[in-house]
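Undergrad: Prediction below, plus the sequence it came from.
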Amino acid sequence: MFLPILLLFTLFFHIGNLSAQVFVHQENFNTGIGTWSSVNISDVTDVWTPTTNYMEIDGSGGADDEDWLISPAINMDAQTEEFFMFDYFDANNGNFVELVYSSNYNNGGTPADIAAATWTNLPLKLIDLNATPCFNIDFQRHPAIDVGMVTGTAVYFAFKYTGVSSNSKLYRIDNVHIDANYFVNITPGANCAALKQELHDLIAVQADRIRYSSSSQYDVWDAIMHTDTRLNDAGTATIVWDMFTDRPTATGEVEYNHCTHRDQGSCPGGEGNCYNREHTFPRSWWGGGTTLSDTINTDMHHIYASDRSLNSSKSNYPPGMVTSPVTTGSNGWLMGANASYPCTPATGSKRYFEPLDEFKGDYARTYFYVVTRYQHNMAAWQGLSSQGNCFIDGTTYPSIQNWAMQVLLQWHAQDPVSQKEIDHNRAVYAIQGNWNPYIYTPGYVYLVWGDENGTPCNTIVLPVELLSFDAAIEREAVKINWATSSENNNDYFLVERSNDLMNWEEVAFVSGAGNSTEEITYSESDYFPLAGNSYYRLKQVDFDGEYSYSEIRPINFGSDQDLVFYPNPVKDVLTIKGNIDDLGQVQVFDLLGRDVTSLISFEYMNGQEVRLRMDNLSADVYIVKTNLGQYRVVKK
């Protein structure tokens, strides 16, 4: 893997002598619209308006609406690893708000100025709050959005609101902020106990401590809606992502609804009836305190949605490989014994839980987080629980018993960080203000504890040191160049691209050098680039299957014939903006090649855009064909 993302921090951040974590921009609208501006495109009766410490718009009634809430110019080149966050509330049915950015907007504040600028959509994970009856409070915290690929000294971000008179949401926006440089103060070359101490000092600072249960304040139930959620296999409904019952390589998993399947104390026994809130690090291990000062009780980095029955079977047992199952879940989840482990009836129950292979790394990195974030509590927690004593060693370092450390290091190596974990990490950062460093930069695990093969932490050599990665337009192609200063166990690279930062496709396969201590340069070309805005990244894969990603590089390819499709994914109305005169006939096909154009209604607006109403299409991926090319669109 790369001198992974976290080590890229060490390599690049300190070269520039950057300062500590910075807050690039903050606006809470406590004094009105603040540094932002509002631009009305259509229907002057409905505009973004400051109301009681937030911005609000409601397009119901009147004419169709398009209104923009635009940030001031923000310098995105003065720091790295930026993340955009905001709180939001909605009511009524209608289109979701969009978040876009531009590096060539002139801040003129007129509809013509907005139309003349190039705007790029950022991927959002909005919940339809109007259709979700179980939130305790109005405002929800959107997961952190990676905007590290956005460059420019004067970048404008904007919330774009669209609505039709008979079908428009009410939206409120608050607490907009961009954070950056979180890990910049980690000492270059630090490892073992010293590195663990630095990570502890960093992540122990939490911006917020949420409630466990509350009827009026943000609590763990609210948070799970953002941290543990996915589409079902059919793509027709949002469900709870439960690692106890999920089937990553098969169908038939339990489809828990976040609201109706909560465990409210009357759930019948047996798997598949309801879900609850699992403390991965069990309450009995740390004394079970439930006051707000007991931060671990509501720390979302170790709380997951879980099947109530199987979570009960997990009990307070430590993680491990199960050789004699007592309980087997429908997807292969196990609880049982392993006689080879050292815990005896005097110091433990001799029972363990074993998640699916696809989630073993998730649990390993969760435990690594807990014993780092709460290392100052390890001595006090030792002795509170026989099962806990079997796992923790009562010290600030290494904090975990040797047998358990070997299990977790194996799991970490065998199950690399997944997109599920990245999304969970970003959601939790937006909620409580700290990262799980072992998800953000998996290489920290090896630098703190060594690897699964017994290599000590102070002699670890991480596989690939990436010196550079760039993408640029060259004639009719996109040229991708990168260089490494050293390689160890490097199997191959994949060049990947995306038009929405969510769905990635392979562009090129390039063999790695295996092992090298010399600088090596690589180059590939994408001869069939996507029109308009797209993004490139590098995936590096070791011989053992472990992988990591480079930073993302944006590209805008094409001419004045470029078309912009937004929002993508789309729920109701897809807008095509660009050179509409050359658009020709617009057709929509599903992935089986069936023409579904007859199910769509079209509306041409002022010769500048076309709106496709896609309500009648089921959730799936579709191909939109025009005279200027074909484009893939995801229907939610």
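TA: Done, it's in.
Undergrad: State which strand of the protein is the longest.
TA: strand 477-498 (DSSP state E).
Undergrad: and stretch 596-607, how far out from the chain's middle?
TA: Computed by CA atoms, centre = their mean, to the nearest Å, the chain-centroid distance of stretch 596-607 equals 33 Å.
Undergrad: What sits closest to Asp415 if chain neighbours are left out?
TA: Computed as CB to CB, 6 or more residues apart in numbering, the closest residue to Asp415 that is not its neighbour in sequence is Gly361, at 3.0 Å. In short, each C-beta sits where N, CA and C put it, glycine included.
Undergrad: mind listing what's buried in the helix or strand encompassing that neighbour?
TA: Secondary structure assignment for Gly361, by DSSP states H and E: helix 357-373. Across helix 357-373, burial judged by 16 or more other CB atoms under 10 Å covers 358-373.
Undergrad: do stretch 329-348 as well
TA: Under the neighbour-count criterion of 16+ other CB under 10 Å, stretch 329-348 has Gly329, Asn331, Trp333, Leu334, Met335, Gly336, Ala337, Asn338, Tyr341, Cys343, Gly348 buried.
Undergrad: What of stretch 61-71?
TA: Under the neighbour-count criterion of 16+ other CB under 10 Å, stretch 61-71 has Asp64, Asp65, Glu66, Asp67, Trp68, Leu69, Ile70, Ser71 buried.
Undergrad: Now go through those and say which are in strands.
TA: Asp65, Glu66, Asp67, Trp68, Leu69, Ile70.
Undergrad: okay, the residues you listed in CSV with distance to Thr484 and pLDDT next?
TA: Output for these, formatted as CSV (distance: CB to CB, whole Å; pLDDT from 0 to 100):
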residue, distance to Thr484, pLDDT
Asp65, 51, 90
Glu66, 47, 93
Asp67, 47, 95
Trp68, 43, 97
Leu69, 43, 98
Ile70, 41, 98
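Undergrad: Could you dump the residues you listed into TSV and include distance to Tyr182?
TA: Output for these, formatted as TSV (distance: CB to CB, whole Å):
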residue	distance to Tyr182
Asp65	37
Glu66	36
Asp67	33
Trp68	30
Leu69	27
Ile70	27
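Undergrad: So which of those residues is the closest to Asp423?
TA: Ranked by distance to Asp423 (CB to CB), those are led by Leu69 at 25.5 Å.
Undergrad: Next, the contact list for that closest one, please.
TA: By CB atoms under 8 Å, 6 or more residues apart in numbering, the contact list for Leu69 reads Trp36, Ser37, Ser38, Trp48, Met55, Ile57, Ala158, Phe159, Tyr161, Ile173.
Undergrad: again, but for Ser523
TA: Residues near Ser523 by CB under 8 Å, 6+ apart: Lys479, Ile480, Asn481.
Undergrad: how much space between it and Pro188?
TA: As defined by CB to CB, to the nearest Å, Ser523 lies at a distance of 29 Å from Pro188.
Undergrad: before we move on, what about His376?
TA: In terms of CB to CB, His376 sits 25 Å off from Pro188.
Undergrad: What of Val22?
TA: Taking CB to CB, one finds Val22 at 19 Å from Pro188.
Undergrad: Likewise for Ile239?
TA: For Ile239, the distance to Pro188 (CB to CB) stands at 43 Å.
Undergrad: who's more crowded, those two?
TA: Ile239 (22 against 11; other CB atoms under 10 Å).
Undergrad: Retrieve the pLDDT associated with the more buried one.
TA: At Ile239, the model reports a pLDDT of 95.
Undergrad: Can you show me the helices along the chain?
TA: 5-8, 111-116, 192-203, 220-227, 283-286, 308-314, 357-373, 378-381, 386-391, 402-414, 419-432, 437-440, 443-449 (DSSP state H).
Undergrad: Check which helices and strands the longest one sits against.
TA: Under the contact criterion of 3 or more CB pairs under 8 Å, 6 or more residues apart in numbering; DSSP states H and E, the helices and strands touching helix 357-373 comprise helix 192-203, helix 402-414, helix 419-432, helix 437-440, helix 443-449.
Undergrad: Using CSV, write out the CA atom coordinates for it.
TA: Provided in CSV are the C-alpha atoms of helix 357-373 (Å, rounded to 0.1, in the frame of the first residue of the first chain):
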residue,chain,number,x,y,z
ASP,A,357,-14.2,-11.9,7.0
GLU,A,358,-15.4,-8.8,5.2
PHE,A,359,-15.8,-7.0,8.6
LYS,A,360,-12.9,-8.4,10.6
GLY,A,361,-10.7,-5.3,9.7
ASP,A,362,-13.6,-3.0,10.7
TYR,A,363,-13.6,-4.5,14.2
ALA,A,364,-9.8,-4.5,14.5
ARG,A,365,-9.5,-0.8,13.6
THR,A,366,-12.3,-0.1,16.0
TYR,A,367,-10.5,-1.7,19.0
PHE,A,368,-7.3,0.0,18.0
TYR,A,369,-9.2,3.3,18.1
VAL,A,370,-10.6,2.7,21.6
VAL,A,371,-7.3,1.7,23.2
THR,A,372,-5.7,4.8,21.7
ARG,A,373,-8.5,7.3,22.4
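Undergrad: Next, the angle from it to helix 402-414.
TA: Going by axes from the mean of the first three to the mean of the last three CA atoms, to 10 degrees, helix 357-373 is angled at 120 degrees with respect to helix 402-414.
Undergrad: Residue numbering should commence at 109 henceforth.
TA: In the new count, where the first residue is 109, that last one comes out as helix 465-481.
Undergrad: Please name the residues that touch the residue nearest to Asp523.
TA: Trp519, His520, Gln522, Asp523, Pro524, Val525, Ser526, Glu529.
Undergrad: now, among those, which is nearest to Ala342?
TA: Ser526 (21.1 Å).
Undergrad: need the contact list for the closest one.
TA: By CB under 8 Å, 6+ apart, the residues touching Ser526 are Glu466, Gly469, Asp470.
Undergrad: Just the pLDDT at the residue nearest to the spatial centre of the chain, thanks.
TA: Computing the C-alpha centroid of the chain and ranking residues by CA atoms, centre = their mean puts Asp531 first, at 2.4 Å. Model confidence at Asp531, given as pLDDT, is 95.
Undergrad: so how far is Val553 from it?
TA: 20 Å.
Undergrad: mind showing which ranges of the stretch 559-708 of the chain have poor pLDDT?
TA: 570-571, 583-584, 625, 665-671 (pLDDT under 70).
Undergrad: Domains of the chain: list them as residue ranges, please.
TA: Domain ranges of the chain: 130-288, 300-557, 571-665, 671-743, per automatic domain parsing.
Undergrad: would JSON lines of those domains with distance to Cys565 be doable?
TA: Formatted as JSON lines, those follow (distance: least, CB to CB, whole Å):
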{"stretch": "domain 130-288", "distance to Cys565": "24"}
{"stretch": "domain 300-557", "distance to Cys565": "4"}
{"stretch": "domain 571-665", "distance to Cys565": "16"}
{"stretch": "domain 671-743", "distance to Cys565": "42"}
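Undergrad: Out of those, the one nearest Pro564 is which?
TA: Across those, Pro564 has its closest neighbour in domain 300-557 (8.0 Å, CB to CB).
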